[in-house]
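# Could you work out the structure for the sequence below:
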Amino acid sequence: MNNYLIAPIVPLVLLATGCATGARPDSREHHLEAELRSFQEAQRVFREQNIGSHKFDFSGHGRVTVREILLEGFPGGAYLKCRFHYQNRTSEPVVQSWVSLDVLDADGDTVSSQSCHLVVPTPQPIARGSYYADELRTPTYNVHLQDGWSWRIRCDSELVEPEEALDPPVAPQRPHNLRAPFIIRNRGQNDR
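Sure, this is the predicted structure:
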């Protein structure tokens, strides 16, 4: 047989062989599909259990409102995504706050935690009644596959401290070696 006749036949044979082997699903593909279905079911259950917003009041630190919390990612790489806003409900302005999203196992032990540092980018505190919105993503490290796992929000705020009064108070004094200023009228115009 001539090599010129074999050359176009080889790709066709390889293509037919590839199609024949691709038609048989292998056990690895079944395993991945089962993991994906299991993860999607866990997402559905989590969404049903955590629908709506959740308000958490932290006495002396403010309020965190979780607007949305979702189980996202993929099998083996799942995480909780939390969209929240913080409101300063303390009696004083807040210099900075930390909001944390924790993933807990069935015993209540922390498996994973991520924190967000809330600070106004200009040198001013978070005023009383003001809001600050952000998002946290915390990996679950597959604890979401176990029964009884949960999540929680924590908040810690640093209030503005009142200025310390000087002891003894400083009274404005004029130095003894300086005379009172005097005003020169018509400066540069005395020639006229």
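# which outside residues touch the helix ranked longest in the chain?
When the chain is parsed with DSSP state H, its longest helix is helix 27-49. The contact list for helix 27-49 (Cβ atoms under 8 Å, 6 or more residues apart in numbering) reads 70-72, 74-76, 78, 144-145. (Glycine included, C-beta is placed from N, CA and C.)
# which residues are contacting stretch 116-133?
83-100, 134-136, 160.
# Identify each buried residue in that stretch, please.
116, 118-119, 125-126, 132 (16 or more other Cβ atoms under 10 Å).
# May I have the distance across that stretch, first residue to last?
This stretch, stretch 116-133, spans 10 Å end to end (Cα to Cα, to the nearest Å).
# That one: how far from the chain's middle?
15 Å (Cα atoms, centre = their mean, to the nearest Å).
# Mind checking the pLDDT average for it?
For stretch 116-133, mean pLDDT is 91.
# what pLDDT does residue 83 get?
On the pLDDT scale, residue 83 gets 97.
# Packing partners of the host helix or strand of it?
Using DSSP states H and E, residue 83 falls within strand 79-87. Secondary-structure packing of strand 79-87 (3 or more Cβ pairs under 8 Å, 6 or more residues apart in numbering; DSSP states H and E): strand 62-72, strand 94-104, strand 131-139, strand 150-159.
# Quickly list what the most centrally placed residue in the chain is bridged to.
Residue closest to the average C-alpha location in the chain (Cα atoms, centre = their mean): residue 136, at 2.4 Å. Residue 136 has these beta-bridge partners by DSSP bridges: residue 82.
# ok, now which ones touch it?
By Cβ under 8 Å, 6+ apart, the neighbours of residue 136 are 80-82, 84, 99-101, 114-116.
# Can you say which of these are buried?
Buried among the contacts of residue 136 (16+ other Cβ under 10 Å): 80, 82, 84, 99-101, 114, 116.
# Sketch out the low-pLDDT regions of this protein for me.
Applying pLDDT under 70 to the chain picks out residues 1-25, 166, 169-176, 178, 180-184, 186-192.
# Type out the ChimeraX command that picks the buried ones from the contacts of stretch 116-133.
The buried subset of those, as determined by 16+ other Cβ under 10 Å, is captured in ChimeraX by this line:
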select :84,85,86,87,88,89,90,93,94,97,98,99,100,136
